[in-house]
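Undergrad: need a structure here:
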Amino acid sequence: MSGYGFGKKATAPAGAGDPSKLDLSGIVRAPLSVDPAREAAAIARGNALGFVDRSDSAEGQTEGQGATPVRRRRQPAPQSSLYIKGPKETLDWFIDFTNQRGHRSYWQALAEFRDLVEGTQASAPDQR
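TA: Okay, here's the model as predicted:
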């Protein structure tokens, strides 16, 4: 019965070195040289398309302006979890109501219901 070649060690081709090591002889370790004319043309095409240079060496910035823009994150609203146990018919109605209104989460449907009860038009725009 044949073993279909399983369990046999693969033989390396003649002249090959250690098969467990990769041949990295063709990789250049020096930094790539970039043609300044091609780089300027690529930057011009990018500027024409609306790309913005955000590197540390951005042109047009003085030392007083800072090299990188300050990005501020909006503080998230405190969150809480709620488990509601109730009649299946009522909870199914609430799920259908949420889906019909196009809300992605139940808290958005509750916020809309609160606005309706309190008589306000809309809650904060960052929550919708």
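
Undergrad: residue contacts, the closest residue to Ser105 other than its chain neighbours?
TA: Leaving aside its sequence neighbours, Ser105 sits nearest to Thr98 (Cβ to Cβ, 6 or more residues apart in numbering; 7.9 Å). The way it works is simple: take the backbone N, C-alpha and C, and place the C-beta from them, glycine included. Going by Cβ atoms under 8 Å, 6 or more residues apart in numbering, Thr98 touches 105-106, 108-109.

Undergrad: Quick check on those residues: which are buried?
TA: 108-109 (16 or more other Cβ atoms under 10 Å).

Undergrad: which ones among the contacts of Thr98 are found in helices?
TA: 106, 108-109 (DSSP state H).

Undergrad: Can you add distance to Lys85 and pLDDT and give those back as TSV?
TA: Formatted as TSV, the ones in helices among the contacts of Thr98 follow (distance: Cβ to Cβ, whole Å; pLDDT from 0 to 100):
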residue	distance to Lys85	pLDDT
Tyr106	14	92
Gln108	21	92
Ala109	18	92
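
Undergrad: before we move on, the earlier item: show me which of the contacts of Thr98 is closest to Tyr83.
TA: Tyr106 (11.5 Å; Cβ to Cβ).
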